[in-house]
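Model the structure of this input:
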Amino acid sequence: MGKAKETDNLERPERNADFQSCSVVDSSVFPVRGKPSSGERGSVSASVLLPDSGSAIHILGICGAGCFPLAMLLNGMGYRVSGSDLAMPSEEQQRDFDRYGVEFHSGHREENLPEKLDLLVYTSAAGADNPELNGARRRGVKCLRRGEMLAAAAGKFRRVAAVSGSHGKSSISGMLSYLLEKKKFAASRVIGAKLSGGFSPWHLGDGDILVIESDESDGTNAELENIFLGIVPNLEDDHVWSLGGVEKLKENFHKFASRSEKLLYWSGTMTDEVFAGFDNAFSLNGRSDLADLAAEHRRYGFEAENFITVLSAGEIFGIPAVEAADLLMDFPGVERRMSIRGERENGRILLLEDYAHHPTELENALLYLKKRFPEQYLSVVFQPHRYARLKRYFKEYARILGNYPDQVTLVDVFAAWSEKGELGSAELAEAAGERADYFGGSFPELAEQLYRDAEKMAGEGKKVLIAVIGAGDVNQLTRELEKYF
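Got it, this is the predicted structure:
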């Protein structure tokens with residue numbers, strides 16, 4: 001593959017004129033590949049859904065990990081973007097809002113909607129009673145879920161690399177974007193996580209390559225069309241409660257594969273079943289050459305799989321694997337992914353946080369920590385993410401938490417946006433056994449307790465790793481703990 005236009009800037013202070021000259025992708029350029037019929041199409045079409053450049057788009061939940069980078073990409077593409085959120089923007093988000101003229105409203109009220117509004121984009125977390133969503137519908141304004149809008153915007157790019165699947169999407173899409181940036185590709189990106197080292201989760205390039213994290217939890221990954229490179233590192237029955245069952249999940253990934261010119265995946269029970277018969281799908285399990293490179297660069301477990309995935313994707317964009325492996329050694333990482341947050345007592349006390357929330361992620365994370373820090377007493381704080389997930393995988397969580405950590409503290413379930421459940425963290429602590437305790441107090445109280453316990457053990461000559469794990473607001477505990485480091 002040839003190289004795209006070069007760029008030296010991570011972000012552009014003005015809308016990209018080069019991008020504006022790009023037309024909507026013609027489906028004849030990248031026909032549907034694989035065994036399924038080429039007549040199988042989704043409901044989203046970029047040429048139909050995208051309004052004219054300069055139109056007003058309002059984004060509900062604009063500070064969210066998925067909505068924020070999409071909002072900034074749309075703004076760069078020439079749309080007048082505004083948005084609202086119950087949460088306040090981070091410092092980095094507010095900087096971009098101010099710099100690029102994105103209007104932000106705190107809270108959800110119908111009066112936040114612009115007088116002239118052409119399209120409303122909303123997070124899947126928005127309730128049916130949301131005043132902005134209902135107000136836009138009463139006005140006859142087209143309303144799209146975030147993933148549908150991302151699929152429509154992706155139709156403006158010639159080569160889309162879409163990362164979907166159950167685990168590792170942010171890390172893989174972030175690493176691939178970083179690799180393309182280091183090689184001076186003018187690639188665009190929309191990544192649903194905060195990246196470390198000031199590497200922005202969004203960027204607007206020249207309209208050729210777009211790297212995206214495509215969400216399977218609401219099924220909008222099946223809305224993408226004409227994917228140049230599809231990547232599915234794994235596939236499990238997570239989120240089936242919101243999709244309509246396991247068969248619907250499989251159907252969505254069947255569509256995703258059928259619309260990919262090339263598909264990279266790791267072999268597994270469900271991926272092998274879903275991608276069987278696709279002549280455009282390539283398993284990464286046989287890439288022993290890339291596995292050797294991962295080992296040489298000290299990547300193990302799930303980190304090695306992510307590394308190999310990105311090396312293989314880089315080859316498709318014309319980047320030799322050996323060169324890519326060296327360039328990726330400087331990748332700053334993704335926030336809350338095995339992130340070291342503090343060190344005290346000459347390294348005898350370490351603080352780390354991770355985003356693992358599915359049982360597979362949790363077990364892989366704990367196995368990784370035991371291998372990376374074999375001498376440390378492993379004190380884990382885990383926050384279950386959503387009652388529906390806890391109920392579905394309760395026995396797996398109990399087994400994992402009862403076996404791997406030396407001590408585990410369960411804090412209250414992060415309930416996402418609405419749900420309640422019959423099984424909670426107290427019940428999980430009891431099921432996990434004698435190593436587990438439930439803590440129902442405040443995060444500042446827990447932080448003090450955890451640090452004092454670690455300090456006492458360090459004084460006795462032990463090494464302690466405090467690992468805060470979960471995808472919800474347990475990161476606030478990490479902030480409290482950092483005050484002691």
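
I59 looks like it's in a strand, true?
Yes. I59 forms part of a strand when assessed by DSSP: H, G, I helix; E, B strand; the rest coil.

quick one: the closest residue in space to it that isn't next to it in sequence from L179, how far?
Excluding its sequence neighbours, the residue lying closest to I59 (Cβ to Cβ, 6 or more residues apart in numbering) is G83, at 3.8 Å. Every C-beta, even on glycine, is put in place using the N, C-alpha and C of the backbone. Shown here: G83 relative to L179, a distance of 30 Å by Cβ to Cβ, to the nearest Å.

Nearest the middle, which residue of this structure would you pick?
The structure's the chain has its C-alpha centroid closest to S170; by Cα atoms, centre = their mean the separation is 3.7 Å.

Count the neighbours of G54 for me.
Burial of G54, expressed as a neighbour count using other Cβ atoms under 10 Å, amounts to 9.

where's L390 relative to R344, distance?
Distance, L390 to R344, by Cβ to Cβ: 33 Å.

Kindly report the same for R145.
R145 is 44 Å from R344, by Cβ to Cβ.

What of V464?
Relative to R344, V464 is positioned 10 Å away (criterion: Cβ to Cβ).

Neighbour count: those two, which is higher?
Summary of the neighbour comparison: V464 and R344, criterion other Cβ under 10 Å, with V464 having more neighbours (25 against 16).

secondary structure element for the nearest residue in space to the more buried one that is not next to it in sequence?
In space, V464 comes closest to A454 once its chain neighbours are excluded; the distance is 4.2 Å by Cβ to Cβ, 6+ apart. Remark: A454 resides in helix 443-459, with elements defined by DSSP states H and E.

Same question for L352.
Taking DSSP H and E as the criterion, L352 maps to strand 349-354.

Now do the helices in the stretch 1-150 of the chain.
Counting by DSSP state H, counting those that start in this stretch, the stretch 1-150 of the chain has these helices, from start to end: 17-20, 46-49, 67-76, 91-100, 131-138, 146-154.

Okay, helices next: where are they in the stretch 151-300 of the chain?
Using DSSP H, counting those that start in this stretch, the helices assigned to the stretch 151-300 of the chain run over residues 169-182, 240-243, 246-258, 269-274, 288-296.

For the longest one, name the packing helices and strands.
Taking 3 or more Cβ pairs under 8 Å, 6 or more residues apart in numbering; DSSP states H and E as contact, the helices and strands that helix 169-182 lies on are strand 159-163, strand 209-213, helix 301-316, helix 321-327.

Kindly report the same for the third one.
Counting contacts by 3+ Cβ pairs under 8 Å, 6+ apart, helix 246-258 packs against strand 227-232, helix 240-243, helix 269-274.

Tell me where the stretch 201-350 of the chain is predicted with low confidence.
Low-confidence segments of the stretch 201-350 of the chain, defined by pLDDT under 70, are located at 239-243.

related to what we said a few turns ago, for the helices and strands packed on helix 169-182, which one sits closest to L60?
Distances from L60 to each of these were compared by Cβ to Cβ, and the smallest falls on strand 209-213, at 19.3 Å.

Mark out where each domain of this protein begins and ends.
According to automatic domain parsing, the chain is divided into the following domains: 51-150, 155-330, 339-482.

okay, those, which one's buried deepest?
Counting by mean count of other Cβ atoms under 10 Å, domain 155-330 has the highest mean neighbour count of the domains of the chain, with a mean of 21.

ok now that one, how far from the chain's centre?
Average the C-alpha atoms of domain 155-330, do the same for its chain, and the two points are 11 Å apart (Cα atoms, centre = their mean, to the nearest Å).

Give me the distance between the two termini of that domain.
Domain 155-330 has an end-to-end distance of 31 Å (criterion: Cα to Cα, to the nearest Å).

same question, stretch 98-115
With Cα to Cα applied, stretch 98-115 spans 21 Å between its terminal residues.

what do you get for stretch 464-480?
Its first and final residues considered, stretch 464-480 spans 18 Å by Cα to Cα.

so how far is that stretch from its chain's centroid?
18 Å.

Okay, now the unreliable bits of the stretch 1-150 of the chain?
Within the stretch 1-150 of the chain, the segments meeting pLDDT under 70 span 1-49.

Please repeat the previous calculation with a cut-off of 90.
Low-confidence segments of the stretch 1-150 of the chain, defined by pLDDT under 90: 1-53, 65, 87, 124-128.

thought Y100 was touching L73?
No. Between Y100 and L73 there is no contact, the gap being 10.7 Å when judged by Cβ atoms under 8 Å.

hmm, back to that, give me every residue that touches the residue nearest to the centre of the chain.
191-193, 213, 334, 337 (Cβ atoms under 8 Å, 6 or more residues apart in numbering).

again with E110
Contacts of E110 were listed using Cβ under 8 Å, 6+ apart, and they are 131-132, 134-135.

Could you work out the most separated pair of those?
Within the contacts of E110, E132 and N134 form the most distant pair, 7.4 Å apart (Cβ to Cβ).

With adjacent residues omitted, what lies nearest to D473?
Here the residue nearest D473, using Cβ to Cβ, 6+ apart, is F414, at 6.0 Å.
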